[in-house]
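> Quick one, fold the following:
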Amino acid sequence: MSNQKEETINKRKHKHKSKHRHRHRNKRENSLNIDETSEQPLLNYTELKKINEIIVGTNKVSCFKAHEKFLAIGTYDGYIYIFDFLGNKIKEFKSYEASVNDISFDFKGDYIGSCSVDGNVVINGINTDKSQQYTFPQVIKSIAIDPEYGVKKSQSFIYGGVSGNIVLRSKGFFKTNDLLIHSNEGTIYSINWTNQYVTWSNNNGIYVYDIINSKIIHNILRPLNSPRPDGFRCFFKWKGSKLAIAWGNFLSICELKKDLYKNENTPSKMSAIYYQIFDFFICGISFFDSNLLLLTMEDDELLLELDGTKTTQKKLKKSKSENQSNLRSETETDNLTQTETETDIEPPQKTQENTNNENINNENNNNENINNEEKEIIDEKKIIDEKKQIKSNEGLIIRLINLEGNEIATEKCQIRLRSKPNPLEYHLENNENEKKLFFSSSQQVLSAQKLSVDNKISWLVKVSKFKSAITLAKENPKELKAYTYQDLGEKHLNHLFQNQLFSEAINDCSWVCEKEEGLWAKWIQKFIENDKLDDIISKIPIKTPKLDPKTYQSILNYYLQKDIEKMNELIEDWPINLYDTQVLIQFIQENIHKQETKENQENYLITLANLYSKTDKHEQALDIFLKIKKGDVFGLINEHNLFDSIVDKVQQLIEFSVEETIDLLVKNNDRLPIDKIVPQLKHDAKLLHLYLDGIFEEDPLISRKYHGLQLNLYVQFAPEKMMNFLKSSTSIPLEKALEVCRENHLIREMVFIMKRMGNAKQTLDIIIKELKDIKQAIEFVQEEGDKDLWNDLIKYCLTNPNYLSDLLDHTLSTKFDILQVVRRIPPKMQIPHLQNKLTAILDDFKLQVQLREVTKDIIEKDCTDLMFVFYKQSRRGRRVTSSQHCYLCGESILNQPHQNSIVFNCGHAYHKSCLSDTLNIKTDDVDNRQIIQKKSPDNNQNNSKFWCFVCSSRMNQNSNQN
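Residues are numbered from 1 along each chain as shown. Below you'll find the model as predicted:
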């Protein structure tokens, strides 16, 4: 019985794996160039001891999830722990009395949702103390909170469990709202919410739901003879538009697509690009770079149980057809609470290999013979033997496959197993950046990363992969035991040179030589000998390390003979202290005249100039550049302030670039005097104009000596700038300017000059007769304010109806009387649009009258308001104290109770009797309440009023002094 059992298991394994093993075995052997027993490990494991110290006893891991910021663990005791990636506890929640079934995060990692066997759902704030609890009458198996839970006010989450309902719960304005998405297909085992897509699994299969468009876009039925749905966890992993789904022993990879017949912003369809049933069970999945990593378990008893229903199938070829896609192409769902949805599902594409296998199957079915069957049995035994050499039934196996389902590598997971392992107690998670993997059992958590350099060095040395070994040795030289870093590099470079792999040697030389001056010198010489220095030159160090000057000298000597332009680049880029410049300068000077071509001589001169510049002999370098008319002359002048050296070399600079020369002369006019530049440019009027114009725009005072010369230059080369020149210059001889403008018929410029000369009538005559611009004539007359000019303008306009029409249009805004124009219009003159113009004049007059009336009313109101304020202030009482004295008798104002007192606005106080006697005024004629403004007797003051004696005396004294 045991032999039959083993044979049945092996047949099933062969049936699902043989095509993958045949397809990739040769490829892997070629890539590794070694036996398959020497495969390089995939991962390096680290035990998170601080976590493992917490999950002990009954407080075992029941669920495990990873966010890009932290890890979360739910336990059978109802605890939820938050850890960082090093295992340090960040936060702890005691949310339940029973086991935690599932955990979910929002995208930012601010909230964590969880559910439990006791029917409770709790959503806790990770960075806050916020917590919300919901209680349901049934067991909640899984939960997924909105990826934007912390942002949206609805704070939605989706839950499901033994009731078989998928429900979206959202916070409303007055109450929470429950939306039934799907139901009546058995227990909900797992839910995932990523972006706008919700995926879940139930007894019937797996669904992908578009929550924005409220429709199911994909459905995968559970394969026939699948293991119990509650015995294995269902996994969903997204990467971009691809979704990997694993449950039990099957794996499917789907991809979102846009409907080509609809104008869609987001994909609304999903199709399977890979579907496979394996002979092992999947305990976790994760994307691993561009591949997929599977945490798998092999269980012979369960495989035999699954295979028991097919004992009548004896032919291996017939059993292969059972691995074809079980996808449902279209699904109509009536259980949605929204409107009827449509499901567009594309079947998985058949590969060429699958097509060939089907053809072979048909051929074998039609042409069965003993030889084929014997060959098949032999191949099957080879595959079984090969698989036994790898790993089988030895705990958890990590399998790396590509997205086409082809296995790339396998290795045993380092997680500890119980004597009777349960697939539900093992977990595989990764952070969003895919930099770390996390494996978990009920009482152990491991982190894993790609294999480190330390673990790869010995394997790479063993298989003679020197390039990879050197790369790792460069970063971790202490890990090398059998070889030193230099030995590895020497052997590697020798190997590359022997095989003439110079491109690889160039890339690796800097790693090998690193800071070893001797190695650099040795290999640079080898590159020179093989005429490959061009390829390595960019890698040669000039700072760390700094090589021997002879090494750099040998490089420059090589390029001096092979490529002098490259030598010039090196001289420009390299520090001057790397080599002996005097030796190079002397060598170049001795060999310049020996060059046969002019081009070579110029190249030598450029090199010599660069060396002069490097040694701070910039004047000599400038002379060479000017001589051969090459090089960055202007940059050299500006950078090293060589203006004194070019005062008499303007013509040579112009031969380089007119624009840059003029710009240099203008911007540095303080270093390059205008009196020394103008004589060098007089032979070319155009250049002289460009220079003087630039100086004028920079500062008109600098070139005032040459403003008379610029008159003709502006007329010849830039007449459009003449007006601005005339307005800005105060050094122009006006008579000469008028003559030049008259000769060249520059009317507006003539008008401007004649204005400055004071010839008003002639100016008006030119504006009217030459320019025929009535508006400008009116503006000119208004500026002058001369009534005679106004009359002359009217007389001239009366001779032409059109001029008169323009005059009426533009006279409204002038200070002159429009009636003078209207009264002098000849009775029978036909003026275009006269009625409209007169109407406009009258409307303007009415407007002015209205403005005056409104202004008058405003002024009168302001005067009344101010007078009232003045009157109110004048009648305001003043505070009098016992310290105040009469300015006439000197006694206190309040000393005599029955004596009336007078206090003026100026602040002076008097006894009424004292002031009356002094001013000879009868007290009976004055109101005792009256407060008098200070006035003098000279202001025609009424004798029945008082005035301040002190203030009036001061005013009289001031007037006498004046």
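
> Mind checking the pLDDT average for stretch 858-868?
Taken as a whole, stretch 858-868 carries a mean pLDDT of 91.

> Please name the nearest non-neighbouring residue to Glu602.
With Cβ to Cβ, 6 or more residues apart in numbering as the measure, Ile628 is the residue that lies nearest to Glu602, at 5.1 Å, once sequence neighbours are left out. The way it works is simple: take the backbone N, C-alpha and C, and place the C-beta from them, glycine included.

> Who are the contact partners of that neighbour?
Contacts were defined as Cβ atoms under 8 Å, 6 or more residues apart in numbering; by that measure Ile628 touches 602, 605-606.

> Where helices are concerned, which of those residues count?
Residues of these located in helices (DSSP state H): 602, 605-606.

> now, among the residues you listed, which is nearest to Gly109?
Here the nearest of these to Gly109, counting by Cβ to Cβ, is Ile606; it sits at 61.3 Å.

> Just give me the neighbour total for the closest residue to the closest one other than its chain neighbours.
Across the structure, with Cβ to Cβ, 6+ apart as the measure, the residue nearest Ile606 apart from its sequence neighbours is Asn568 (5.8 Å). The number of residues packed near Asn568 is 19, by other Cβ atoms under 10 Å.

> Report pLDDT for Asn568.
Asn568 is assigned a pLDDT of 80 by the prediction.

> That one belongs to a helix?
Yes. Secondary structure assignment places Asn568 in a helix (DSSP: H, G, I helix; E, B strand; the rest coil).

> on that earlier part again, now rank the ones in helices among the contacts of Ile628 by neighbours and give me the top one.
Note: the member of these with the most neighbours is Ile606, at 21 neighbours, neighbours being other Cβ under 10 Å.

> Isn't that one up against Lys630?
Yes. Ile606 is in contact with Lys630 according to Cβ atoms under 8 Å; the separation is 6.3 Å.

> any idea how far Asp844 is from the residue nearest to Glu602?
Separation of Ile628 from Asp844 (Cβ to Cβ, to the nearest Å): 75 Å.

> Ok, Gln155 next?
To Asp844, Gln155 is 69 Å away according to Cβ to Cβ.

> what do you get for Gln651?
Using Cβ to Cβ, which is the criterion applied here, Gln651 is 64 Å from Asp844.

> repeat for Glu490
Plainly put, Glu490 is 101 Å away from Asp844 if you go by Cβ to Cβ.

> and these two? which has more neighbours close in?
For Glu490 versus Asp844, the count of surrounding residues by other Cβ under 10 Å is larger for Glu490: 18 against 14.

> how much distance is there from stretch 605-618 to the middle of the chain?
In this view, stretch 605-618 has its centroid 43 Å away from the chain centroid, taken as Cα atoms, centre = their mean, to the nearest Å.

> which residues in the stretch 551-700 of the chain form helices?
Per DSSP state H, counting those that start in this stretch, the stretch 551-700 of the chain has helices spanning 564-573, 581-591, 598-614, 618-628, 633-640, 650-656, 658-667, 674-681, 685-698. These are given in chain order.

> What score does the residue nearest to Ile524 when sequence neighbours are not counted have for pLDDT?
In this structure, Ile524 finds its nearest non-sequential neighbour in Thr551, 6.0 Å apart by Cβ to Cβ, 6+ apart. At Thr551, the model reports a pLDDT of 87.

> Does Thr551 touch Trp520 like I think?
Yes. Between Thr551 and Trp520 there is a contact at 6.9 Å, judged by Cβ under 8 Å.

> between these two, who's got more neighbours?
A direct count of neighbours by other Cβ under 10 Å for Thr551 and Trp520 places Trp520 higher, at 22 against 18.

> any idea which helix or strand carries that one?
Counting by DSSP states H and E, the element that carries Trp520 is helix 517-529.

> which strands and helices sit next to that helix?
When contacts are defined as 3 or more Cβ pairs under 8 Å, 6 or more residues apart in numbering; DSSP states H and E, helix 517-529 packs onto helix 485-498, helix 502-513, helix 533-536, helix 549-562.

> What pLDDT does the model give the residue nearest to Glu602?
Looking at Ile628, its pLDDT is 80.

> Reformat the helices of the stretch 551-700 of the chain as TSV; add distance to Glu148.
As requested, the helices of the stretch 551-700 of the chain are arranged in TSV below (distance: least, Cβ to Cβ, whole Å):
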stretch	distance to Glu148
helix 564-573	53
helix 581-591	66
helix 598-614	61
helix 618-628	64
helix 633-640	56
helix 650-656	63
helix 658-667	57
helix 674-681	70
helix 685-698	59
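
> Identify whichever of those helices lies nearest to Tyr159.
The minimum distance between Tyr159 and these falls on helix 564-573, with 66.2 Å, by Cβ to Cβ.

> quick one: that closest one to helix 581-591, angle?
If you take axes from the mean of the first three to the mean of the last three Cα atoms, to 10 degrees, helix 564-573 sits at 150 degrees to helix 581-591.

> Just the CA trace of helix 564-573, in CSV.
Included here for helix 564-573 are C-alpha records, laid out as CSV according to Å, rounded to 0.1, in the frame of the first residue of the first chain:
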residue,chain,number,x,y,z
ILE,A,564,46.0,66.6,-29.1
GLU,A,565,42.4,67.7,-28.8
LYS,A,566,41.9,65.1,-26.0
MET,A,567,45.1,66.4,-24.4
ASN,A,568,43.7,69.9,-24.4
GLU,A,569,40.6,68.6,-22.6
LEU,A,570,42.7,66.9,-20.0
ILE,A,571,44.7,70.0,-19.4
GLU,A,572,41.5,71.9,-18.9
ASP,A,573,40.0,69.4,-16.5
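
> tell me what that helix is packed against?
Counting contacts by 3+ Cβ pairs under 8 Å, 6+ apart, the secondary-structure elements packed against helix 564-573 are helix 549-562, helix 598-614.

> Give me whichever of those is most buried.
Ranked by average neighbour count under the criterion mean count of other Cβ atoms under 10 Å, the helices and strands packed on helix 564-573 are headed by helix 598-614 at a mean of 19.
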